[in-house]
Structure formats: structure tokens, C-alpha cells
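**Q** model this:
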Amino acid sequence: MQISQVFERDGLPVSFEIFPPKGELPVEAAHALAAELSMLDPAFVSVTYSAGGSGNSERTIDVARMAKDDFDLAMMAHLTCMGATKNDVHQVLAAMRAAGIENVLALRGDSVEGVSTADFHFAKDLIPVAREAGFCVGAAAYPEGHIECLDFDESIRHLRQKQDAGAQFFVTQLFFDNACALRFLDAALNAGVTVPITFGIMPFLSKAQISRMVFMCGASLPSPIIKLLARYENDPASLRAAGIEYACEQLEGLAAEGVDGLHIYTMNQPAIAAAAMEALRASGAVV
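**A** Here you go, the predicted structure:
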């Protein structure tokens, strides 16, 4: 199924993200995860471009193919283009097509020391190539602006450029303040963005994890999270529970605002996806 069709159906689409497990048997390790996620009936599942962002697409494709074939899940494979040539990208797209994958999330990829751009400078350059190859193409959105872009308005212009290049939907980076996301949504709509935007949420599970996310993504920390971190600094189990509860409240709040979709960064933990779906169903946001 092409993911653009998901947003045409009734109901709120809720999707998950997973990453290829590390180790010599990534597909076997991912099989149990996909089985548990399939029971939650997600609208689609995305697979990141290899564990650690190394650019090795084989595991991404293998995991996506397994989940599609074994559990009939609508799958989306991440595709990055940092340092890639057009030939590199065409080879990966051909492998995805051979695996029966119909959807890709077109990304530039993180800057890597010693790796310069080749034929693609931005995600917007990759999008039309993937569209021409017959894929349904999504792109990333940044509710608080891209970490490398200090001008929020410029980030919104880049978003519109991705749509103009052929992006059929957007998936946002994680954020911890719904007010930021709603301001971003208003700005996107005012800039003429008309394709669906699904909002990504990742629960914080530890102080180290949230610190890493803040510096990697440029997400701001609202006061309620800072207070939770202080309260449960020496109680990891309670902090984890509070983080999942906070994420569920974010999801419920976004659903109440009528957003196009919700995307849950599961960190390969089915319990997180299950808690989110339970909260959304309890609130009536999802049937």
C-alpha cells in the first residue's frame, strides 16, 4: 500500500518507527518486534536507514521486506543521500523495488565528518528521483526548525520546497512541546503546505537519552519535563513511566487538535507502542 492512501481513509492514522537491530541476524531479531507491532494495527511502519545511520541500506530493506511479507504491514524505508551519487541511489531504489517496498522517506542524512555531498545536496534533490522511480515519497519536517538552520522561516520555506519537489506527506522530528508543533503547523499551512503532516513523538526514558535528543535534534525542553527529570533523577523506573505517560498525553493532545496523523518513535520497544495505542483508544482518538 502507498502511504499517501492512508491519509485518505477515515480515522486518525497512527504509525510506528523502528530501526534495524544490531548484530549478525537483524531480520530474525526484528521478526518478534514486527509481530508485536502488527497486533496493534498501525497505519504503517517506517524503518530507519540502518542502525547508527551508517548508510548500509541492506538491513533496512531486509527488515521492511520481512515485516511486509510476514505480517502484511505497510512499510516505509528511510533513504538518505548524504555523499551518494545518482547511481548509488538508483541501485538502492532498485533493491527496494525488488523487495516490494512502495514507500520511502527521503532524507539528506546527518552530516558526517569527511563525507561531502555528491549529486544530492538536500532531501529536496532526492525526492523527485524517488518519485520518478515509482515510489510514494515522504519527507521530514522540523517543528522547531532544522538544527542546522537558525531561521525558523527558512525551515518553513525548505518544507514548502520539499512539497514542490514532490513530497506526498511529511513526518515530523520528535518534539516535547505541543505548542511548538501547533505553531509550526500554522506556519506550514500559511506557507501553502497542503500535503498531510504526521507528528512524531518519542517518550523520554532517561536523563541521558533526553539530553542526547536535545543536542541531536534541537528540541526544547518544557518546564514540566525538567521538573519530572528533577523529581525522578534517582528513580529510573519512575522516570521511564513518567516519560511514557507524558508522551501519551502529547499524542492525545495532538489528536484532539485534529492533526493529520501521529508517528511513534518506538525505539524498538513494543511496550511503548502498546501504551500509546491504549491511551489513544481510551481517549476515543483511535477506534
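**Q** ok, the residue lying farthest from the centre of the chain to S206 distance?
**A** Relative to the centre of the chain, the most outlying C-alpha is that of N234, 30.4 Å out, by Cα atoms, centre = their mean. Noted for N234: a distance of 12 Å to S206, by Cβ to Cβ, to the nearest Å. Yep, even glycine has a C-beta here, placed from its N, CA and C like the rest.
**Q** Check P222 too.
**A** Counting by Cβ to Cβ, the gap from P222 to S206 is 18 Å.
**Q** ok so, going back, which helix or strand contains the residue farthest from the centre of the chain?
**A** Assigning secondary structure by DSSP states H and E places N234 outside every helix and strand.
**Q** Ok, L229 next?
**A** helix 223-231.
**Q** Show me which residues of that helix are buried.
**A** 225, 228-229 (16 or more other Cβ atoms under 10 Å).
**Q** try stretch 254-273
**A** 254-255, 259-266, 268-270, 272-273.
**Q** Of those, which belong to strands?
**A** 261-265 (DSSP state E).
**Q** For the helix ranked longest in the chain, give the mean pLDDT please.
**A** Secondary structure of the chain read by DSSP state H shows that its longest helix is helix 236-256. With pLDDT averaged residue by residue, helix 236-256 scores 97.
**Q** and that helix, how far from the chain's centre?
**A** 17 Å (Cα atoms, centre = their mean, to the nearest Å).
**Q** Just want the angle from it to helix 223-231.
**A** 170 degrees (axes from the mean of the first three to the mean of the last three Cα atoms, to 10 degrees).
**Q** which helices and strands does helix 236-256 pack with?
**A** helix 178-190, strand 197-201, helix 223-231, strand 261-265, helix 270-283 (3 or more Cβ pairs under 8 Å, 6 or more residues apart in numbering; DSSP states H and E).
**Q** how about the helices in the stretch 51-200 of the chain?
**A** Counting by DSSP state H, counting those that start in this stretch, the stretch 51-200 of the chain has helices at residues 57-71, 86-98, 123-132, 152-165, 178-190.
**Q** same question for the first one, mean pLDDT?
**A** Averaging pLDDT along helix 57-71 yields 93.
**Q** likewise the fourth one?
**A** Along helix 152-165, the predicted confidence averages to a pLDDT of 96.
**Q** returning to that earlier point: would a markdown table of the helices and strands packed on helix 236-256 with mean pLDDT and distance to S238 be doable?
**A** Listed next are the helices and strands packed on helix 236-256 as a markdown table, based on pLDDT from 0 to 100; distance: least, Cβ to Cβ, whole Å:
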| stretch | mean pLDDT | distance to S238 |
| --- | --- | --- |
| helix 178-190 | 97 | 23 |
| strand 197-201 | 98 | 20 |
| helix 223-231 | 95 | 8 |
| strand 261-265 | 98 | 21 |
| helix 270-283 | 97 | 15 |
